[in-house]
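Asks: Could you work out the structure for the sequence below:
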Amino acid sequence: MSTDNRTQFLQANGLRIAYEEFGRSEAPVILLVAGLYNQLVRWPVELCELLVARGFRVIRFDNRDIGLSDKIEGALAPSFFRLFLASRVGLAVKTPYTLDDMAEDTIGVLDALNIQAAHIVGMSMGGMISQIVTGRYPQRILSLTSIMSTSGVRGKGVASIPVSLQMIKPVTKTRTALDNSVDIWRMIGSPGYPISDDEARLILKAEYKRSSNPAGYLRQIAAINTAPNRVALLNSIKVPVLIIHGKQDRLVPVSGGIDTARHISQAKLELFEGMGHTLPQQLLSRFADLIYQNSLE
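Replies: Model (predicted):
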């Protein structure tokens, strides 16, 4: 497990959390919250620098159970069959932790850095966490940007069966975890902004080298799949809200972003043709502009 000179560590919600920051310490803060099994490096440095150029201090961090942050060792996630029963028939399922716990981690990052209020930007699972943080701690959040995420309402932003099966495909003698991850990238990537399998493999290989924790992946899936919908929280949000979603997202289809915006009266919805469940390099400058504009509302 390696780290570079930028990575630092803090204590949040009883956990050691890895984080990195960009920009001037006195600038308004943007806190970036990553998605399912995404390390902080999944937020492109280029996006961080674009936001710094627009006047922000940018902080990205590893969620619990991923990257260089603490792992929840020894806690087993429920089986996918039990998670299926939980979602379909309401079977009570105990998980090692919840999205609410991860929201508390996120507030803990702000507390540890003595940041009273910040703009929050979350992608995918990070968007779910950011919605919870904004609804539960309105005094701490200046604006919310939710990217390729969903409201938690049943039937909205739900992956197709082929995509879902690919996400949990087991490792075999002939197919490594890295091979499976490249296949997932191919399925859920942005068709209007494609990258080659070799490019995807380079990105994913660097992430695997930094850290790999498959058990954490299963625990995070459990936290997502057992979370209640966030409609009441979304209805309560008063800060400026930006929803960004790709029209070709196969992991969290665009219905998830549309439904999230439907429950927040002041939300601005920006849909991108050709964007899947990635942050295409060609759109980063546009994303930075939209986040900046949202912060001024």
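
Asks: contacts, neighbours, all on C-alpha from now
Replies: Will do.

Asks: check which helix or strand covers the spatially closest residue to Gln248 that is not a sequence neighbour.
Replies: Nearest non-adjacent residue to Gln248, counting by CA to CA, 6 or more residues apart in numbering: Gly276, 4.7 Å away. For Gly276, there is no helix or strand it lies in under DSSP states H and E.

Asks: Kindly state the pLDDT recorded for Gly276?
Replies: Listed pLDDT for Gly276 reads 98.

Asks: my read: it touches Lys247, true?
Replies: Yes. Between Gly276 and Lys247 there is a contact under CA atoms under 8 Å: 6.8 Å.

Asks: between the two, which one's more packed in?
Replies: Neighbour count, other CA atoms under 10 Å: between Gly276 and Lys247, Gly276 has more, with 28 against 21.

Asks: got a list of what the residue nearest to Gln248 touches?
Replies: Going by CA atoms under 8 Å, 6 or more residues apart in numbering, Gly276 touches 188-191, 246-250.

Asks: Just give me the closest of the residues you listed to Val41.
Replies: Nearest to Val41 out of the contacts of Gly276 is Gly189 (CA to CA; 17.0 Å).

Asks: Could you report the distance from that closest one to Glu20?
Replies: To Glu20, Gly189 is 26 Å away according to CA to CA, to the nearest Å.

Asks: Which one's more surrounded, the two?
Replies: Gly189 (25 against 17).

Asks: Cross-check the contact I'm expecting between that one and Thr278.
Replies: Yes. Counting by CA under 8 Å, Gly189 touches Thr278, with 5.7 Å between them.

Asks: follow-up on the earlier one: strands - which of the contacts of Gly276 land there?
Replies: Gly246 (DSSP state E).

Asks: Pull up the gap between Asp105 and Ala77, please.
Replies: Distance of Asp105 to Ala77, computed by CA to CA: 19 Å.

Asks: May I ask which helix or strand encompasses Met128?
Replies: Following DSSP H and E, one finds Met128 within helix 125-136.

Asks: name the helices or strands packed onto that helix?
Replies: Other elements packing on helix 125-136 under the criterion 3 or more CA pairs under 8 Å, 6 or more residues apart in numbering; DSSP states H and E are strand 29-33, helix 99-112, strand 118-123, strand 141-147, helix 231-236.

Asks: need the helices for the stretch 151-297 of the chain, in chain order.
Replies: Assigned by DSSP state H, counting those that start in this stretch, the helices in the stretch 151-297 of the chain fall at 161-167, 177-188, 197-210, 214-225, 231-236, 255-262, 284-296.

Asks: What residues sit buried inside the shortest one?
Replies: For helix 231-236, the buried set under the neighbour-count rule, 16 or more other CA atoms under 10 Å, comprises 231, 233-234.

Asks: gap between stretch 150-162 and the chain center?
Replies: 15 Å (CA atoms, centre = their mean, to the nearest Å).

Asks: residues making contact with that stretch?
Replies: Stretch 150-162 has contacts (CA under 8 Å, 6+ apart) with 124, 127-128, 149, 227-231, 234, 250-257, 259-260.

Asks: From start to finish, how long is it in a straight line?
Replies: Start-to-end span of stretch 150-162 (CA to CA) is 19 Å.

Asks: likewise stretch 7-21?
Replies: Using CA to CA, one end of stretch 7-21 lies 8 Å from the other.

Asks: Could you do stretch 34-52 as well?
Replies: Terminal-residue distance, stretch 34-52 (CA to CA): 18 Å.

Asks: nearest residue to Asn38 other than its sequence neighbours?
Replies: If the residues on either side of it in the chain are set aside, Asn38 comes closest to Ile66, at 7.2 Å by CA to CA, 6+ apart.
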